[in-house]
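*Asks:* The following block contains a protein sequence and its predicted model.
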Amino acid sequence: MASTLRVAIIGGGIGGLTLALALRERGLTADVYEQTPQLTEIGAAVALTANATRELERIGLGDRLAAASTTPAELIHRHWRDGTRIAAHPVRSGSWYRNRFHAAVHGIRRAQLQVILSSEIAAGTLHLGRRLVGLTERPGGIVLEFSDGDTAHADVVVGADGIRSTVRRWVAGGDHEIYSGTSGFRGIVPVDRLPSLPDPQSIQFWTGPGAHLLHYPIGPTGDSVNFLAVVEGPQAWARTDGWVDDVAADEPLRAFDGWHPAATAMIGAVTHAVRWGLFAVRPLPRWDRGRAVLLGDAAHAMLPHQGQGANTTVEDAFTLAALLAQVPGTIELPSAFATYQALRRGRTRRIQRLSWLTNALLHLPDGEAADERNRALARLPQDIAWIHEHDVQAALRHRTERPARSQPAPTA
C-alpha cells in the first residue's frame, strides 16, 4: 500500500533537500521549511564520496554533479615542514576510486550542490524564512509553530536542522553539542595564486604538531582549492549562540609558523575574520519521539576529519525515505523509526568516533608515534573502505528485524 504521509522537513540544507528528492522518488511529496530567507550553506565546499554519490547518481543527478565538480587525482598526506609525501593513493588516476567503489568522488562548492538539489524538488514545497520554534503533537498529527506566528500540520516531522537542532531539543531534550577543543579556518583560493603548491589537483592533508591542513580541488576545472586549517584551541568555546567566533587577522598564520610555504601561502591568501569551532553531537539514546525523527547533523554531527558529515546525511535521507514510503499510516511510524535507527545509528557512531580520533593522529609531533601513524596511512584505502563501499539500497534489502526498544543502544 502506498504511503500517504504528510511529511514536513525542517532545514533546507543538504540533508533536507536530499530527503525531499528521495521521498519524491518514492512517490511522496514533502514540505521543506528553512529558517533563512534564502538558501545558504555553512562552509565553502564539500567532498562527496561514493557512499553518497551512488544514491545521487541513481536518481539521475550524476551528470550535473560531475559538471560542477572535480575528482581529485590522488589522496596525499604530507609532512608539515618539508612537504614530503608521507603516503599517497590514487583516486582519479586510472579510475581507481570509481572502479573500487562503483561511484564517483566529487569536490563541489556547497552553494552549487544546494542549487542542484533545490532545482529538483517539487515546485511550491520549499518555504523560506520559516524558523521553527515549537512542536505540538495531537491525535491527528503534529503542529509546527514558526517564529512569524504561522503554523503547519504534518503526519511526521524530520529534523534536518543541523547541529543546533530545534527538533532534537524536542526529541531528546537539553543540549547535546560537544566542543572538540579544536577550531578551524576555511577558505577557497585560486590555484594560480599558489605557485609553490605541489599536486594542486589532489586532496591533501598536511600533518604537523598541534595542527593540520586539508585541501582539495573544486569546481568544473579544479582551478580553485577549498581548505580547512585546523588548530588546537581555544580550550573552551566562549560563544553559546553559534560555532564561529571573531579572530585576530594574524592568528591563523601564527598557528602555522614554520610550515611549508605552500601551506602558509594558502592560509595567508584569505582574510580571516572568524574561526570555526569544531563540534560534534553526543551519541543520542534514540533519534525519534512520537511523530518526529532526526536526520544528519541533528542526529550525529561529527568532526570533519573523515569528510563524512554530508555523506552520512545523504545516506540517512535515502534510508529514511525508503522506510517512510512503506508506511501506509501513522500507526506504523514507531516500527519504521526503529528500523531506521537500527540501520543508521551504529554506523554513524563508528564514523563519529573515528573522526574524533583522527584529529589527534593528524596533530602528532614528529617522533615515534608519528612514524607509526605514517605506516598506518599506507594502509588507509583498505582501512576505511567500509565507509565508502556502503550501499544504502543493499543495507535496506538486507536489514534484519528491528531490535526491541528495551535493548541497550550501541556505544560510541
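*Replies:* Sure, I can see it. Numbers count the residues shown, from 1 in each chain.
*Asks:* If you count neighbours, what's buried in the top helix by length along the chain?
*Replies:* The residue-count maximum for a helix in the chain (DSSP state H) belongs to helix 333-362. Neighbour counts over helix 333-362 (16 or more other Cβ atoms under 10 Å) mark 333, 336-345, 347-349, 351-356, 358-359, 361-362 as buried. Where you see a C-beta, it was placed from the backbone N, CA and C, and this is true even at glycine.
*Asks:* Over to stretch 244-253?
*Replies:* If you call a residue buried by 16+ other Cβ under 10 Å, then stretch 244-253 has these buried ones: Val247, Pro252, Leu253.
*Asks:* my guess is the first one meets Ala273, correct?
*Replies:* Yes - the pair Val247 / Ala273 is scored as a contact, 6.9 Å apart, by Cβ atoms under 8 Å.
*Asks:* C-terminal to the helix or strand where His127 lies, what's the next element?
*Replies:* Secondary-structure assignment from DSSP states H and E places His127 in strand 126-128. Heading C-terminal from strand 126-128, the first helix or strand you meet, by DSSP H and E, is strand 132-138.
*Asks:* contacts for that next one?
*Replies:* Strand 132-138 is contacted by residues 10, 33, 35, 142-147, 157, 161, 166-167, 170, 290-292 when judged by Cβ atoms under 8 Å, 6 or more residues apart in numbering.
*Asks:* Could you list the low-pLDDT ranges of the chain?
*Replies:* 1-2, 41-43, 330, 400-412 (pLDDT under 70).
*Asks:* Report the contact partners of the residue of it most remote from its centre.
*Replies:* The C-alpha centroid of the chain is most remote from Pro139, which lies 34.5 Å away (Cα atoms, centre = their mean). Pro139 makes contact with no residue, according to Cβ under 8 Å, 6+ apart.
*Asks:* can you check Thr182 too?
*Replies:* Neighbouring residues of Thr182 by Cβ under 8 Å, 6+ apart: Val230, Val231, Glu232, Gly233, Leu278, Leu303, Asn359.
*Asks:* Give me the distance between the second one and Ser147.
*Replies:* Relative to Ser147, Val231 is positioned 36 Å away (criterion: Cβ to Cβ, to the nearest Å).
*Asks:* who's more crowded, those two?
*Replies:* Between Val231 and Ser147, counted using other Cβ atoms under 10 Å, the more crowded position is Val231 (21 against 12).
*Asks:* tell me what the helix or strand hosting that one is packed against?
*Replies:* Here Val231, judged by DSSP H and E, is contained in strand 224-232. Here strand 224-232 touches strand 177-190, strand 211-218, helix 251-255, helix 261-268, going by 3 or more Cβ pairs under 8 Å, 6 or more residues apart in numbering; DSSP states H and E.
*Asks:* Can you say which of the ones you listed is nearest to Ala299?
*Replies:* strand 177-190 (12.4 Å; Cβ to Cβ).
*Asks:* Walk me through which strands the closest one pairs with, and which way each runs.
*Replies:* Strands that pair with strand 177-190, judged by DSSP bridges, come out as strand 224-232 (antiparallel), strand 274-281 (antiparallel).
*Asks:* which of those is buried the deepest?
*Replies:* Among these, strand 224-232 has the highest mean neighbour count (mean count of other Cβ atoms under 10 Å), at a mean of 24.
*Asks:* how about that one as PDB, C-alpha atoms only?
*Replies:* Taking C-alpha atoms only, strand 224-232 is exported to PDB below (Å, rounded to 0.1, in the frame of the first residue of the first chain):
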ATOM      1  CA  SER A 224      40.500  26.600  -7.000                       C
ATOM      2  CA  VAL A 225      41.200  24.700  -3.800                       C
ATOM      3  CA  ASN A 226      39.000  24.600  -0.800                       C
ATOM      4  CA  PHE A 227      40.900  24.400   2.500                       C
ATOM      5  CA  LEU A 228      40.300  23.800   6.200                       C
ATOM      6  CA  ALA A 229      43.200  24.600   8.500                       C
ATOM      7  CA  VAL A 230      42.600  23.000  12.000                       C
ATOM      8  CA  VAL A 231      44.400  24.000  15.200                       C
ATOM      9  CA  GLU A 232      44.200  23.100  18.800                       C
END
